[in-house]
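Chemist: got a structure for you, letters missing:
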């Protein structure tokens, strides 16, 4: 029997190590369009792009490069003063992003990260970084989102020191090569419910991991800051349910998950087994792969998720 044809989504997930390396190289050409140390910055987007904005905002502040906020474009506080607004939009056509850029135009410097140079966002923003090599056919975003974050991370590297413990984009790409080939954890494959956790910049990644599971597989997933998880959300965890941590493991969390009968997946705690911990952005790739695997196991097509379109354009 012939092997099943790989979905477009799965194929795009596998190209992320190469895309991140291209992003690191591209940062040299667009560094003047990226936030500079000391600037007060707001990062914005919708859906997946908003979660990447949250991850970058926390990472930039942790690097000491300036106050950085992240907002869904529809909830942006337009009366607040910023030195630069960075908008992330794969399609370049998302209504809320374009509307926001129109409102702030001429009042604040704007930069857009997009996958398509022939879209309205190119004229709406002052500066544009086009990541066309990371564009996707899939409705569900994977490669473009992480590549945009890789570009922003590379910009932080060029402007100064990364936060303690943070890896370079090149090292993250090496970890991504492992993440696209490693067997997925058995506990994750057989679970009935998944809760993703993060701390600092990885909380945005946790939100994105949960979204991928909902979008591609229609799965019951939630996401929380790791320390907040024990303040109520742990009630959902139990036998047959997984808490998946992206980033550093808070003291006592493993024992709490074990106490309620859940399975804790914490790649950052690999030292006990002698394995190398993956960069959290690379660990997100494993969650993307899980979403595709679960969708296919249920007979669903991850390339055609329910109720979704590639870009949201409001009438």
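Modeler: Good, I have the coordinates. Not measured: the values here are computed from a predicted model. Residues are numbered from 1 along each chain as shown.

Chemist: hang on, residue 141 in a helix?
Modeler: No: read with DSSP: H, G, I helix; E, B strand; the rest coil, residue 141 is coil and lies in no helix.

Chemist: OK, contacts around the residue nearest to it when sequence neighbours are not counted?
Modeler: Spatial nearest neighbour of residue 141, excluding adjacent residues (CB to CB, 6 or more residues apart in numbering): residue 48 at 4.4 Å. C-beta coordinates here come from the backbone N, C-alpha and C atoms, glycine included. Applying CB atoms under 8 Å, 6 or more residues apart in numbering to residue 48 gives the contacts 141, 145, 208, 211.

Chemist: and these, which two are the farthest apart?
Modeler: 145 and 211 (10.0 Å; CB to CB).

Chemist: what is in contact with those two at once?
Modeler: Common neighbours of residue 145 and residue 211, using CB under 8 Å, 6+ apart, are 48, 51.

Chemist: Between those two, which is the more surrounded one?
Modeler: Applying other CB atoms under 10 Å to residue 145 and residue 211 shows that residue 145 carries more neighbours, namely 29 against 22.

Chemist: right, and that one touches residue 54 too?
Modeler: No: with contacts counted by CB atoms under 8 Å, residue 145 stays clear of residue 54, the gap being 11.8 Å.

Chemist: and for the two, which residues touch both?
Modeler: By CB under 8 Å, 6+ apart, no residue touches both residue 145 and residue 54.

Chemist: what's the spacing between the nearest residue to residue 30 once chain neighbours are set aside and residue 152?
Modeler: Excluding the flanking residues, the one nearest residue 30 by CB to CB, 6+ apart is residue 129, at 4.4 Å. For residue 129, the distance to residue 152 equals 9 Å [CB to CB, to the nearest Å].

Chemist: tell me the domain boundaries of this protein?
Modeler: 8-166, 182-297 (automatic domain parsing).

Chemist: pLDDT of the last one, averaged?
Modeler: Okay, so that is domain 182-297. Across domain 182-297, pLDDT averages out at 92.

Chemist: Straight-line length of it, end to end?
Modeler: Taking CA to CA, to the nearest Å, the first and last residues of domain 182-297 lie 18 Å apart.

Chemist: Can you give the distance from that domain to the centre of its chain?
Modeler: In terms of CA atoms, centre = their mean, to the nearest Å, the centre of domain 182-297 is set 14 Å apart from its chain centre.

Chemist: Going forward, the N-terminal residue is numbered 356.
Modeler: In the new count, where the first residue is 356, that last one comes out as domain 537-652.

Chemist: Buried residues of stretch 506-514, list them for me.
Modeler: Buried residues in stretch 506-514, counted by 16 or more other CB atoms under 10 Å: 506, 507, 508, 509, 510, 511, 512, 514.

Chemist: is it true that the last one touches residue 415?
Modeler: To tie it back to what came earlier, the one meant is residue 514. No: with contact defined as CB under 8 Å, residue 514 does not count as touching residue 415 (9.3 Å).

Chemist: Quickly list what's touching both of those two.
Modeler: residue 390.

Chemist: All the helices of the stretch 356-505 of the chain, in order from the start?
Modeler: Remark: helices assigned in the stretch 356-505 of the chain by DSSP state H, counting those that start in this stretch are 363-369, 371-385, 403-417, 450-459, 476-479, 498-514.

Chemist: host element of the residue lying closest to residue 540 once chain neighbours are set aside?
Modeler: Nearest-residue entry for residue 540: residue 620, 5.4 Å, with adjacent residues in sequence omitted and distances by CB to CB, 6+ apart. Taking DSSP states H and E as the definition, one finds residue 620 inside strand 618-621.
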